[in-house]
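fold the stuff below for me.
(one chain, ligands or ions: 1)
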Amino acid sequence: MKITIVGTGYVGLVTGTCFAETGNQVVCVDIDEAKIKKLSSGEITIYEPGLAKLFERNLNDNRLSFTTDLAKGITASDIIFLALPTPPGEDGYADLSYVLRVADQIGGLIDKYKIIVNKSTVPVGTVQKVREAIARNARCEFDVVSNPEFLREGVAVEDFMKPDRVVIGTHSEKARKIMGELYEPYVRQGNPVLFMDEASSELTKYAANSFLAAKISFMNEIANLCEKLGADVDMVRRGMGSDGRIGKRFLFAGIGYGGSCFPKDVHALVNSSNQADYDFQILKAVMEVNRLQKTYLIPKILDYYSGDIKGKHFALWGLAFKPNTDDIREAPALYIIDALLEAGATVTAFDPEAMENVRQVVGEKIAYGPNEYDSLKDADALIIATEWSLFRTPDFARIESEMKAKVIFDGRNLFNLDTMEGLGYHYESVGRRVIG
Ligand code: NAD
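Presented below is the predicted three-dimensional model:
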């Protein structure tokens, strides 16, 4: 099939590349000229495991191309995906201006039947708004379909190639048949393609992300309570997760969720609820718990240094909002950096992928280590903000030789408490007893 993706960011590039991988002809459009220039010359613009290989193969085989010309992209294809940003607007509602601006232009550019598929995460009613925007200028038949994306950054290619489910919201039989055929290669193992009305499809995405965010905030509150009651959140997690009704995943306590999706989607659903005159109380609490959790380590750090960290130097492992990505949007590490600098401390950070992105935001207000061990030089303490596998079994003798003191504040509960006790560290984590 001939497919165009408008918006070549995380979702757009993964979607375009993965559609090309099953033999489709794909054109990716973006307004960012530098990005399109890089991609066209074979340079990938995001880090995502497994993506570079597929990108290279499909680019070389001419199934994947890039352009800044929307008209060229629209005329080339029968199915147009919108993978555009929907950031929180000033009022907390999802900002639909990117999506609607493109929809406004599409009407005048189509001259035969096309399916416009919205992959951006949007509030209920957006399909209708996009349809109206296109209809203002359109001279031919078209369908607008909702197809929310559930891929996770870090495992995006795997998620796209083998999705747990594909959700498609449409009333059109014609669009339903074509979309079913398009996704058929991705659900050969029997995972469902769920067809539903547009409103249910749009809400499914927000409901799924909000539920997962609630699971994280719930566990983080259990962890905070564990500290007060002398329980161990890892034990509680195992006890809970063994119950098939609860499940083992998404129960790890830590310093909160970040990224481009959970914070904005929870916020947007709260605002959509308000607009519909419904007070979504649980989600409001989820947001507040997460806000506090991101800097949960700071009072612990201040306590350890009797309230004064002026002049102290901290090593910070992990900047990305989660492992296997270079994405730092809403990353807890950024909040920790702000709090440390404000209190007069200095920071040397290390992250396997996200340092360039942080440098663009924070600049040289902090130092950046060439690797995890060199970042520890002369540090009074190490803070861990992201659970990269690389950090899980470090050489503790080397850590000790680089740092001024054996002190670790671990926001991701990476290390075994008995091990840390045996090694003689002062070790504080989340929801577990303090060592040393
Ligand atoms: P992104 O910011 O990485 O990418 C968006 C791209 O759109 C950028 O490259 C930008 O230059 C481009 N763009 C902006 N205006 C444009 C225009 N007028 N024409 C062409 N291109 C334009 O965003 P993303 O993370 O890919 O997210 C896109 C959507 O998918 C959002 O609604 C998001 O909520 C949703 N989503 C994201 C994820 C994720 O993990 N990142 C997962 C599921 C759903």
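
check contacts around the residue in the stretch 301-436 of the chain that the ligand sits nearest to.
Across the stretch 301-436 of the chain, the shortest distance to the ligand (CB to the nearest ligand atom) belongs to residue 327, at 7.2 Å. No exception for glycine: its C-beta is placed from N, CA and C like everyone else's. The contact partners of residue 327, taken as CB atoms under 8 Å, 6 or more residues apart in numbering, are 10, 153, 259-260, 320-321, 354, 357.

and it, how far from residue 88?
Plainly put, residue 327 is 16 Å away from residue 88 if you go by CB to CB, to the nearest Å.

tell me the SS of residue 251?
On the three-state scheme (DSSP: H, G, I helix; E, B strand; the rest coil), residue 251 is labelled coil.

for it, give its distance to residue 153.
20 Å.

for residue 84, state which of the contacts of residue 327 is nearest.
Within the contacts of residue 327, distances to residue 84 taken as CB to CB reach their minimum at residue 10, with 11.7 Å.

quick check: the closest one touching residue 45?
No - proximity of residue 10 to residue 45 does not meet the contact threshold set by CB atoms under 8 Å, at 9.6 Å.

neighbour-wise, which of the two wins?
Taking neighbours as other CB atoms under 10 Å, residue 10 and residue 45 compare with residue 10 leading, 22 against 16.

residue of the chain closest to the ligand, please.
Scanning the chain for proximity to the ligand using CB to the nearest ligand atom identifies residue 9 as nearest, at 1.7 Å.

give me every residue that touches the closest residue to residue 187 other than its chain neighbours.
Among residues not flanking residue 187 along the chain, residue 193 sits closest, at 5.7 Å (CB to CB, 6 or more residues apart in numbering). Neighbour list for residue 193: 165-166, 168, 179-180, 183, 187 [criterion: CB under 8 Å, 6+ apart].

show me what residue 193 bridges to in the sheet.
Note on residue 193: beta-bridge partners residue 166, judged by DSSP bridges.

could you look up the SS state of the residue nearest to the spatial centre of the chain?
Computing the C-alpha centroid of the chain and ranking residues by CA atoms, centre = their mean puts residue 259 first, at 4.1 Å. With three-state DSSP as the basis, residue 259 sits in coil.

nearest residue to it in space, please, no chain neighbours.
Among residues not flanking residue 259 along the chain, residue 321 sits closest, at 4.4 Å (CB to CB, 6+ apart).

which residues of the stretch 251-400 of the chain lie near the ligand?
260-261 (CB under 6 Å from any ligand atom).

quote the end-to-end distance of stretch 423-436.
10 Å (CA to CA, to the nearest Å).

ranges for the helices of the stretch 151-300 of the chain?
Assigned by DSSP state H, counting those that start in this stretch, the stretch 151-300 of the chain shows helices spanning 156-161, 173-183, 198-229, 233-241, 262-275, 281-293, 297-304.

need those in a markdown table (columns: mean neighbour count, distance to residue 107 and mean pLDDT).
Listed next are the helices of the stretch 151-300 of the chain as a markdown table, based on neighbours: other CB atoms under 10 Å; distance: least, CB to CB, whole Å; pLDDT from 0 to 100:
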| stretch | mean neighbour count | distance to residue 107 | mean pLDDT |
| --- | --- | --- | --- |
| helix 156-161 | 20 | 29 | 97 |
| helix 173-183 | 16 | 17 | 98 |
| helix 198-229 | 19 | 19 | 98 |
| helix 233-241 | 17 | 50 | 98 |
| helix 262-275 | 20 | 26 | 94 |
| helix 281-293 | 17 | 35 | 98 |
| helix 297-304 | 17 | 51 | 98 |
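
those helices: which one's closest to residue 76?
Closest approach to residue 76 among the helices of the stretch 151-300 of the chain (CB to CB): helix 173-183, 15.9 Å.

tally up the residues packed near residue 403, please.
By the measure other CB under 10 Å, the count of residues near residue 403 is 21.

list the residues that contact it.
Residue 403 sits next to 315, 376-382 when contact means CB under 8 Å, 6+ apart.

kind regards, and thank you for your time.
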